[in-house]
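A.B. asks: sequence-free structure coming up:
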(Lines give C-alpha, C1' and ligand atoms only; values in the text may rest on other atoms or scores of the structure.)
Protein backbone atom coordinates (compact mmCIF):
# COMPACT_ATOMS: atom_id res chain seq x y z
CA UNK A 1 0.00 0.00 0.00
CA UNK A 2 1.08 3.59 -0.65
CA UNK A 3 1.89 5.55 2.49
CA UNK A 4 0.19 8.70 1.15
CA UNK A 5 -3.24 7.06 0.77
CA UNK A 6 -5.75 6.09 3.44
CA UNK A 7 -7.91 3.07 2.61
CA UNK A 8 -11.13 4.09 4.34
CA UNK A 9 -13.46 1.47 2.86
CA UNK A 10 -13.36 -1.75 0.82
CA UNK A 11 -16.08 -3.71 -0.95
CA UNK A 12 -16.26 -7.22 -2.42
CA UNK A 13 -18.98 -9.86 -2.52
CA UNK A 14 -16.27 -12.55 -2.16
CA UNK A 15 -15.41 -12.83 1.57
CA UNK A 16 -12.04 -14.39 0.72
CA UNK A 17 -10.97 -11.22 -1.09
CA UNK A 18 -12.12 -9.12 1.88
CA UNK A 19 -9.94 -11.22 4.21
CA UNK A 20 -6.89 -10.80 1.96
CA UNK A 21 -7.42 -7.03 1.75
CA UNK A 22 -7.92 -6.61 5.51
CA UNK A 23 -4.73 -8.58 6.17
CA UNK A 24 -2.69 -6.41 3.80
CA UNK A 25 -4.13 -3.17 5.20
CA UNK A 26 -3.32 -4.28 8.76
CA UNK A 27 0.24 -5.27 7.78
CA UNK A 28 0.68 -1.83 6.23
CA UNK A 29 -0.12 -0.28 9.61
CA UNK A 30 -3.41 1.31 8.60
CA UNK A 31 -6.66 1.38 10.51
CA UNK A 32 -9.30 -1.20 9.64
CA UNK A 33 -11.52 0.18 6.86
CA UNK A 34 -15.29 0.03 6.64
CA UNK A 35 -16.29 -3.22 4.91
CA UNK A 36 -19.08 -3.66 2.34
CA UNK A 37 -20.19 -6.59 0.23
CA UNK A 38 -23.35 -8.03 1.73
CA UNK A 39 -25.09 -7.78 -1.67
CA UNK A 40 -24.35 -6.87 -5.29
CA UNK A 41 -25.36 -3.25 -4.68
CA UNK A 42 -23.77 -2.74 -1.25
CA UNK A 43 -21.07 -0.70 -3.03
CA UNK A 44 -23.59 2.15 -3.17
CA UNK A 45 -23.44 2.36 0.63
CA UNK A 46 -19.66 2.72 0.35
CA UNK A 47 -20.15 5.57 -2.14
CA UNK A 48 -22.37 7.36 0.39
CA UNK A 49 -19.46 7.73 2.86
CA UNK A 50 -18.01 11.25 3.21
CA UNK A 51 -14.58 9.83 4.11
CA UNK A 52 -14.28 8.25 0.64
CA UNK A 53 -12.73 10.71 -1.85
CA UNK A 54 -11.85 8.31 -4.66
CA UNK A 55 -12.63 4.74 -5.69
CA UNK A 56 -10.81 2.08 -7.69
CA UNK A 57 -13.20 -0.21 -9.59
CA UNK A 58 -11.62 -3.62 -10.31
CA UNK A 59 -14.69 -5.81 -10.62
CA UNK A 60 -15.89 -8.16 -13.41
CA UNK A 61 -16.45 -6.30 -16.69
CA UNK A 62 -20.26 -6.20 -16.67
CA UNK A 63 -20.18 -4.12 -13.47
CA UNK A 64 -17.63 -1.52 -14.61
CA UNK A 65 -19.87 1.09 -16.20
CA UNK A 66 -22.75 0.93 -13.74
CA UNK A 67 -20.34 1.26 -10.80
CA UNK A 68 -18.43 4.10 -12.48
CA UNK A 69 -21.69 5.97 -13.17
CA UNK A 70 -22.76 5.61 -9.53
CA UNK A 71 -19.31 6.74 -8.34
CA UNK A 72 -19.35 9.86 -10.53
CA UNK A 73 -22.91 10.68 -9.46
CA UNK A 74 -21.70 10.40 -5.85
CA UNK A 75 -18.96 12.94 -6.63
CA UNK A 76 -16.02 10.56 -6.24
CA UNK A 77 -12.82 10.56 -8.26
CA UNK A 78 -13.22 7.35 -10.25
CA UNK A 79 -10.47 4.99 -11.40
CA UNK A 80 -11.99 2.36 -13.69
CA UNK A 81 -10.25 -0.84 -14.76
CA UNK A 82 -10.29 -1.98 -18.40
CA UNK A 83 -12.07 -2.75 -20.48
CA UNK A 84 -14.33 0.00 -19.21
CA UNK A 85 -17.47 -0.60 -21.29
CA UNK A 86 -19.09 -3.55 -23.07
CA UNK A 87 -21.54 -1.78 -25.39
CA UNK A 88 -21.81 1.50 -27.29
CA UNK A 89 -24.54 2.52 -24.85
CA UNK A 90 -22.15 2.02 -21.92
CA UNK A 91 -19.50 4.11 -23.69
CA UNK A 92 -21.98 6.97 -23.96
CA UNK A 93 -23.07 6.42 -20.33
CA UNK A 94 -19.48 7.09 -19.20
CA UNK A 95 -19.15 10.19 -21.39
CA UNK A 96 -22.55 11.62 -20.51
CA UNK A 97 -22.21 11.00 -16.76
CA UNK A 98 -18.74 12.56 -16.70
CA UNK A 99 -20.03 15.64 -18.55
CA UNK A 100 -23.11 15.81 -16.32
CA UNK A 101 -21.16 15.63 -13.06
CA UNK A 102 -17.75 17.09 -13.92
CA UNK A 103 -16.23 14.31 -11.84
CA UNK A 104 -12.83 12.99 -12.81
CA UNK A 105 -12.94 9.61 -14.56
CA UNK A 106 -9.67 7.82 -15.35
CA UNK A 107 -9.53 4.64 -17.40
CA UNK A 108 -6.80 2.55 -15.72
CA UNK A 109 -5.00 1.48 -18.89
CA UNK A 110 -1.57 0.63 -17.49
CA UNK A 111 0.14 -0.03 -20.84
CA UNK A 112 -0.05 3.71 -21.64
CA UNK A 113 2.62 4.16 -18.93
CA UNK A 114 5.05 1.42 -19.94
CA UNK A 115 8.56 2.86 -20.37
CA UNK A 116 8.88 1.75 -24.01
CA UNK A 117 5.41 3.08 -24.87
CA UNK A 118 6.12 6.45 -23.23
CA UNK A 119 9.47 6.62 -25.03
CA UNK A 120 7.81 6.04 -28.40
CA UNK A 121 5.04 8.53 -27.56
CA UNK A 122 7.79 11.09 -26.91
CA UNK A 123 9.39 10.22 -30.26
CA UNK A 124 6.01 10.62 -32.01
CA UNK A 125 5.56 14.06 -30.42
CA UNK A 126 9.04 15.05 -31.60
CA UNK A 127 8.22 13.91 -35.16
CA UNK A 128 10.94 11.24 -35.25
CA UNK A 129 8.71 8.96 -37.36
CA UNK A 130 7.42 11.80 -39.54
CA UNK A 131 3.80 11.96 -40.63
CA UNK A 132 2.01 8.92 -39.18
CA UNK A 133 0.39 6.44 -41.55
CA UNK A 134 -0.22 3.04 -39.91
CA UNK A 135 -0.38 1.34 -36.51
CA UNK A 136 -0.65 -2.21 -35.22
CA UNK A 137 -1.47 -3.28 -31.70
CA UNK A 138 -3.53 -5.77 -29.74
CA UNK A 139 -3.72 -8.29 -26.96
CA UNK A 140 -1.83 -11.45 -27.81
CA UNK A 141 -1.60 -13.40 -24.57
CA UNK A 142 -2.23 -17.09 -23.89
CA UNK A 143 -5.01 -16.92 -21.29
CA UNK A 144 -6.18 -20.55 -21.40
CA UNK A 145 -4.86 -21.20 -17.88
CA UNK A 146 -6.60 -18.00 -16.67
CA UNK A 147 -9.96 -18.75 -18.27
CA UNK A 148 -9.89 -22.39 -17.11
CA UNK A 149 -8.59 -23.67 -13.76
CA UNK A 150 -9.22 -26.28 -11.05
CA UNK A 151 -11.50 -24.07 -8.93
CA UNK A 152 -8.93 -23.98 -6.10
CA UNK A 153 -5.99 -22.05 -7.54
CA UNK A 154 -6.37 -19.04 -9.87
CA UNK A 155 -3.75 -20.33 -12.27
CA UNK A 156 -3.90 -24.03 -11.47
CA UNK A 157 -4.22 -26.64 -14.17
CA UNK A 158 -7.85 -27.51 -14.65
CA UNK A 159 -10.76 -26.97 -17.01
CA UNK A 160 -13.46 -25.43 -14.80
CA UNK A 161 -15.05 -21.98 -15.07
CA UNK A 162 -18.19 -20.16 -13.92
CA UNK A 163 -19.60 -21.44 -10.63
CA UNK A 164 -16.92 -24.16 -10.45
CA UNK A 165 -14.08 -21.77 -11.30
CA UNK A 166 -12.13 -19.32 -9.19
CA UNK A 167 -10.76 -15.82 -9.73
CA UNK A 168 -11.14 -14.62 -13.34
CA UNK A 169 -12.45 -17.97 -14.61
CA UNK A 170 -15.54 -17.40 -12.44
CA UNK A 171 -16.71 -14.61 -14.79
CA UNK A 172 -14.27 -13.88 -17.65
CA UNK A 173 -14.64 -17.18 -19.52
CA UNK A 174 -18.39 -16.66 -19.95
CA UNK A 175 -17.58 -13.83 -22.37
CA UNK A 176 -15.62 -16.28 -24.57
CA UNK A 177 -18.56 -18.69 -24.46
CA UNK A 178 -21.22 -16.15 -25.44
CA UNK A 179 -19.52 -13.33 -27.40
CA UNK A 180 -17.60 -13.46 -30.67
CA UNK A 181 -15.73 -10.19 -30.23
CA UNK A 182 -12.48 -8.51 -29.28
CA UNK A 183 -13.51 -8.10 -25.64
CA UNK A 184 -10.21 -6.62 -24.45
CA UNK A 185 -8.82 -4.05 -26.90
CA UNK A 186 -7.48 -1.24 -24.74
CA UNK A 187 -3.96 -2.50 -23.91
CA UNK A 188 -3.27 -2.00 -27.60
CA UNK A 189 -5.66 0.79 -28.58
CA UNK A 190 -4.98 2.98 -25.52
CA UNK A 191 -1.35 3.82 -26.36
CA UNK A 192 -2.07 4.07 -30.11
CA UNK A 193 -4.97 6.46 -29.46
CA UNK A 194 -2.59 8.74 -27.56
CA UNK A 195 0.00 8.61 -30.35
CA UNK A 196 -2.57 9.31 -33.08
CA UNK A 197 -4.25 12.19 -31.19
CA UNK A 198 -7.66 10.53 -30.96
CA UNK A 199 -10.14 13.11 -29.62
CA UNK A 200 -7.34 15.68 -29.70
CA UNK A 201 -7.84 16.64 -33.35
CA UNK A 202 -8.27 13.13 -34.76
CA UNK A 203 -10.97 10.47 -34.33
CA UNK A 204 -11.87 6.91 -35.22
CA UNK A 205 -14.24 6.91 -38.22
CA UNK A 206 -14.88 3.25 -39.10
CA UNK A 207 -14.19 -0.27 -37.91
CA UNK A 208 -14.35 -3.69 -39.52
CA UNK A 209 -13.64 -6.97 -37.73
CA UNK A 210 -13.12 -10.60 -38.67
CA UNK A 211 -12.86 -13.69 -36.49
CA UNK A 212 -11.32 -17.09 -37.10
CA UNK A 213 -12.92 -20.32 -35.95
CA UNK A 214 -12.69 -21.02 -32.21
CA UNK A 215 -10.90 -24.26 -31.30
CA UNK A 216 -8.32 -23.25 -28.68
CA UNK A 217 -10.37 -23.48 -25.49
CA UNK A 218 -12.05 -26.71 -26.62
CA UNK A 219 -8.68 -28.33 -27.37
CA UNK A 220 -7.32 -27.22 -23.99
CA UNK A 221 -10.33 -28.75 -22.19
CA UNK A 222 -9.96 -32.06 -24.04
CA UNK A 223 -6.20 -32.16 -23.40
CA UNK A 224 -6.42 -31.39 -19.67
CA UNK A 225 -9.88 -32.69 -18.72
CA UNK A 226 -10.62 -35.37 -21.27
CA UNK A 227 -13.09 -35.62 -24.15
CA UNK A 228 -15.85 -36.72 -21.74
CA UNK A 229 -15.63 -33.64 -19.51
CA UNK A 230 -18.93 -31.66 -19.62
CA UNK A 231 -17.08 -28.50 -20.72
CA UNK A 232 -15.73 -30.38 -23.77
CA UNK A 233 -19.27 -30.36 -25.16
CA UNK A 234 -19.56 -26.56 -25.07
CA UNK A 235 -19.31 -24.45 -28.22
CA UNK A 236 -17.26 -21.31 -27.52
CA UNK A 237 -18.46 -18.48 -29.75
CA UNK A 238 -15.31 -16.36 -29.58
CA UNK A 239 -12.96 -16.80 -32.51
CA UNK A 240 -9.40 -17.61 -31.50
CA UNK A 241 -7.90 -14.70 -33.47
CA UNK A 242 -9.98 -11.56 -34.03
CA UNK A 243 -8.61 -8.88 -36.34
CA UNK A 244 -10.13 -5.39 -36.37
CA UNK A 245 -9.17 -2.60 -38.76
CA UNK A 246 -9.89 0.98 -37.70
CA UNK A 247 -9.72 4.04 -39.97
CA UNK A 248 -9.08 7.52 -38.60
CA UNK A 249 -10.18 10.94 -39.83
CA UNK A 250 -6.54 11.80 -40.58
CA UNK A 251 -6.21 8.85 -42.96
CA UNK A 252 -4.29 6.36 -40.82
CA UNK A 253 -5.23 2.71 -40.31
CA UNK A 254 -4.93 0.71 -37.09
CA UNK A 255 -4.94 -3.11 -37.00
CA UNK A 256 -5.99 -4.51 -33.61
CA UNK A 257 -5.50 -8.21 -32.87
CA UNK A 258 -7.11 -10.25 -30.05
CA UNK A 259 -5.39 -13.65 -29.65
CA UNK A 260 -5.89 -15.25 -26.22
CA UNK A 261 -7.07 -18.83 -26.71
CA UNK A 262 -4.08 -20.45 -28.44
CA UNK A 263 -0.54 -21.31 -27.29
CA UNK A 264 1.73 -18.32 -27.99
CA UNK A 265 4.24 -15.96 -26.34
CA UNK A 266 2.98 -12.67 -24.92
CA UNK A 267 3.04 -9.63 -27.20
CA UNK A 268 0.95 -6.51 -27.65
CA UNK A 269 2.19 -6.41 -31.24
CA UNK A 270 2.86 -2.68 -31.43
CA UNK A 271 3.91 -1.03 -34.67
CA UNK A 272 4.04 2.73 -35.21
CA UNK A 273 4.79 3.65 -38.83
CA UNK A 274 5.28 7.01 -40.46
CA UNK A 275 6.88 8.73 -43.44
CA UNK A 276 10.37 8.57 -41.83
CA UNK A 277 10.38 5.08 -40.29
CA UNK A 278 8.82 2.84 -37.69
CA UNK A 279 8.92 1.16 -34.28
CA UNK A 280 8.00 -2.49 -33.85
CA UNK A 281 7.83 -4.04 -30.39
CA UNK A 282 8.40 -7.59 -31.71
CA UNK A 283 12.13 -7.75 -32.31
CA UNK A 284 12.47 -4.46 -30.40
CA UNK A 285 13.13 -2.65 -33.68
CA UNK A 286 13.36 1.01 -34.62
CA UNK A 287 14.08 2.02 -38.21
CA UNK A 288 14.59 5.68 -39.15
CA UNK A 289 15.47 6.56 -42.73
CA UNK A 290 18.91 8.15 -43.04
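C.D. replies: Arrived safely. Just so you know, these numbers come straight off a predicted model, no measurement behind them.

A.B. asks: shaky segments in the stretch 1-150 of the chain?
C.D. replies: Residues of the stretch 1-150 of the chain meeting the criterion pLDDT under 70: none.

A.B. asks: what ranges do the strands span in it?
C.D. replies: 9-11, 34-36, 54-57, 77-80, 105-107, 132-140 (DSSP state E, counting those that start in this stretch).

A.B. asks: make CSV from those strands and add distance to residue 214 and mean neighbour count to it.
C.D. replies: To be clear about C-beta, it is placed using only N, CA and C from the backbone, and glycine gets the same treatment. Converted to CSV, those look like this (distance: least, C-beta to C-beta, whole Å; neighbours: other C-beta atoms under 10 Å):
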stretch, distance to residue 214, mean neighbour count
strand 9-11, 35, 19
strand 34-36, 38, 17
strand 54-57, 29, 18
strand 77-80, 29, 21
strand 105-107, 28, 16
strand 132-140, 16, 22
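
A.B. asks: export the ones you listed to a markdown table and tack on distance to residue 290?
C.D. replies: Listed next are the strands of the stretch 1-150 of the chain as a markdown table, based on distance: least, C-beta to C-beta, whole Å:
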| stretch | distance to residue 290 |
| --- | --- |
| strand 9-11 | 55 |
| strand 34-36 | 60 |
| strand 54-57 | 46 |
| strand 77-80 | 43 |
| strand 105-107 | 38 |
| strand 132-140 | 18 |
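
A.B. asks: now do the buried residues in the helix or strand containing residue 218.
C.D. replies: Secondary structure from DSSP states H and E places residue 218 in helix 216-225. Using 16 or more other C-beta atoms under 10 Å as the test for burial, helix 216-225 gives 216-218, 220-221, 225.

A.B. asks: tell me the two of the residues you listed that are most distant?
C.D. replies: The distance between the two most remote of those (C-beta to C-beta) is 14.3 Å, for 216 and 225.

A.B. asks: hmm, back to that, show me what the helix holding residue 218 packs onto, helices and strands only.
C.D. replies: Applying 3 or more C-beta pairs under 8 Å, 6 or more residues apart in numbering; DSSP states H and E, one finds that helix 216-225 contacts helix 144-147.

A.B. asks: next SSE downstream of the helix it packs on?
C.D. replies: Once the chain leaves helix 144-147, the next helix or strand it forms, by DSSP H and E, is helix 172-178.

A.B. asks: can you give me the helices for the chain?
C.D. replies: 15-27, 43-47, 64-73, 88-101, 115-125, 144-147, 172-178, 186-195, 216-225 (DSSP state H).

A.B. asks: same for the second one, what does it pack against?
C.D. replies: Of the remaining helices and strands, those touching helix 43-47 by 3+ C-beta pairs under 8 Å, 6+ apart are strand 9-11, strand 34-36, helix 64-73.

A.B. asks: mind putting the ones you listed in a markdown table, distance to residue 244 included?
C.D. replies: Listed next are the helices and strands packed on helix 43-47 as a markdown table, based on distance: least, C-beta to C-beta, whole Å:
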| stretch | distance to residue 244 |
| --- | --- |
| strand 9-11 | 34 |
| strand 34-36 | 38 |
| helix 64-73 | 20 |
